[in-house]
Each structure stands twice: as structure tokens, then as C-alpha cells.
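Engineer: Fold the following, please.
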Amino acid sequence: MKIIFMGTPEIAVPCLDALCAKGWEVPLVVTQPDRPKGRGNQTQASPVKEYALKAGLEIYQPEKLKNNAEALEKFRSIKPDFYAVAAYGRILPKEALDVPSKAPVNVHFSLLPKYRGAAPVNWAVVNGEEITGVSTMLMDTGMDTGDILLRKETPIEGKNAAELAAELAEAGAELLIKTLENFDIITPLKQNEAEATLAPIMKKEDGLIDWSKPAAHIERAIRGFYPWPAAYSRIDGKMIKFFAAGTEDIAPKEKPGTVYAAGKDFFSVSTGKGGLVIKQAQLEGRKRMDAGSLLAGFPIEPGTKLG
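Structural biologist: Numbering: from 1, shown residues only. Coordinates of the predicted model:
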């Protein structure tokens, strides 16, 4: 079996690793170009590229695939049986999708047709889903609109987006192998457009906390936007990011965004419904730490306002 793999972030690496572990031929790995990243703005390779380099696989990093004759010729010259695509980050044009002799197969980290788009893991957490999962699908020119091949459910159970993504990455790798091994006997299922929802790419401003929302919603945002863009607010003119919190089913008298209780190892903030108990945070210019350590160097008193 000859497979061109396409993927970019960490969540895609187990899929590529699983293909290699099966001993299937992966003559080409297609990933996004190296991008500037971090405070130093230094160019950094994608996790998929880093894996491919260690595995000695050929790497191709086109800026785009649409109207790219070079890419099309490269794919055609390989004569792949399949594309295996996982979080590549580009929609493939029809002429590229037509290249594999069997099919272009995509691994998407949601239970399609729910959460089509760039950030399905994050939005499933933020929106309070109890169950999410992984789907394999036949690719078409739409955004995650192709026929479903296989699906596997995963409970969220209070995980943050990074924890859930790691779990889904492994589930996705298993489902990809199962899909390719059984491709000829799987009956594709058309997606129900009436059930479709979107998971758009996250923006920095998505993490800004609206304290008028219920505490349960804010707690999910803290988990869903972990580690980026992170749920954040401001306190005494400084940005503060939150990474872990709990909720209290109480009705604070204070206006939303006001600290109503503080101890040696916690502080609690009023919201539109209930209280939010901060367990882990990061004050601007400092490292991420538990609430007790933060309070030791930055006392926060009841009555302090956030926002």
C-alpha cells in the first residue's frame, strides 16, 4: 500500500507513526511550511515535519496546493493508493483529490457532521459536549463535508483541550489504520447537513472572559482554550490567564468579575451564575503556578475586580 501523508500539528503525528509502524510505504509527507513561533519569532518546523525528519521520510512543504502544478505533478508521479490526511490545514483542490487510485481519506477530530473546521477539539469542550470523538471520511472540495467512513466516540469527562487532543490523536491513528485496512468493505455514509456545526479557527480574543457568563461556561472555556489562546482577564491593569478552575453553586452578592473570597491557596470570582474557584493561573510577566503560589507573591483581596 502506497500512501501520501498530509498533516501538520502534534495531533497528526500518531497517524503518521501508525502508518510507518504498519510497514506501509509512505513515499511523501506533505506539511505546512516552517512558521515563526514564540517570543523570539524563530522559524519552527511543524511536529509532523520533525517526525518525518527523524523517520527519514521525504518532506514537501508547499505554500498552497490550489493552482500548484508542481505539487500536482509530484503527487501523480508517486501514484498513491491513498492520501491519509490529518489536520493538514489546507483544503485540497479537486485535481489533487482525484490522484489516489483508491481515495483521499481524512481523519477529523470530531463526530462529524458536528464541529467541522479548524478547532473541533477546543469548541467541543467550550460548548459543553459530554462526548466527542474521531471520524474518518472521504475527502471532497468542501470543509469536512465528505462521506463518513468510520467514527469512534470519546467521553470528555472534564479534560482540557490538550489532554483530550492527545487521547483523540491515538484514537485517530487506530481508526485510520482500521479504515485503510477495511476500505473496500466500508459503506460510506453521507453527512446530515441539518446536524452540521462549525468549529472555526481560534482567535486571541476568544479567550477573553465575559464574567457575566455562568461559572460553568467560563470553566469550560478555561479547559477548551488550553493552552492557547488561554482564558484570560485583567487584574490591577495586568493580564491574568487561567488554566484550571472549579465552580461553586452559590449566588455571590458581588457583581460578576469581583473576587468574593480569598484564602491561602485559592480565590473565587463571581460570575453571571455561580462562583468560579481559581486553581491555577499565570499573572503577566510570571510563570504559570497554582493559586496559592500566585497569592503568596501577589495578594488578591475580596472586592478586587477583574475585567
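Engineer: Show me what secondary structure element comes after the strand of greatest length in the chain.
Structural biologist: In the chain, assigned by DSSP state E, the strand with the most residues is strand 238-248. Moving toward the C-terminus from strand 238-248, the next helix or strand (DSSP states H and E) is strand 259-262.
Engineer: Partner strands of that following strand and their direction?
Structural biologist: Strand 259-262 pairs in its sheet with strand 267-270 (antiparallel), by DSSP bridges.
Engineer: Show me which residues of the partner strand are buried.
Structural biologist: 267-270 (16 or more other CB atoms under 10 Å). (C-beta placed from N, C-alpha, C; glycine too.)
Engineer: Which of the residues you listed sits closest to K152?
Structural biologist: Looking at the buried residues of strand 267-270 and their distance to K152, the nearest is V269, at 37.3 Å (CB to CB).
Engineer: Grab the nearest non-local neighbour of that closest one.
Structural biologist: Nearest non-adjacent residue to V269, counting by CB to CB, 6 or more residues apart in numbering: L276, 4.8 Å away.
Engineer: and the one you found, backbone torsions?
Structural biologist: When read as degrees, to the nearest 10, the backbone of L276 gives phi -110, psi 120.
Engineer: gap between G274 and L111?
Structural biologist: To L111, G274 is 29 Å away according to CB to CB, to the nearest Å.
Engineer: hang on, I meant C20
Structural biologist: For C20 relative to L111 (CB to CB), the value is 27 Å.
Engineer: Same drill for these two, tell me which one is more crowded.
Structural biologist: Neighbour tally, C20 and L111, criterion other CB atoms under 10 Å: the higher count belongs to L111, 21 against 17.
Engineer: and the gap between the more buried one and E181?
Structural biologist: Separation of L111 from E181 (CB to CB) stands at 21 Å.
Engineer: name the helices or strands packed onto the least confident helix or strand in the chain by mean pLDDT?
Structural biologist: Ranking every helix and strand in the chain by mean pLDDT, DSSP states H and E puts strand 35-37 at the bottom, with a mean of 86. Using 3 or more CB pairs under 8 Å, 6 or more residues apart in numbering; DSSP states H and E, the elements in contact with strand 35-37 are strand 42-44.
Engineer: Chain neighbours aside, what residue packs nearest to L19?
Structural biologist: V26 (5.5 Å).
Engineer: Repeat that for N192.
Structural biologist: P113 (5.9 Å).
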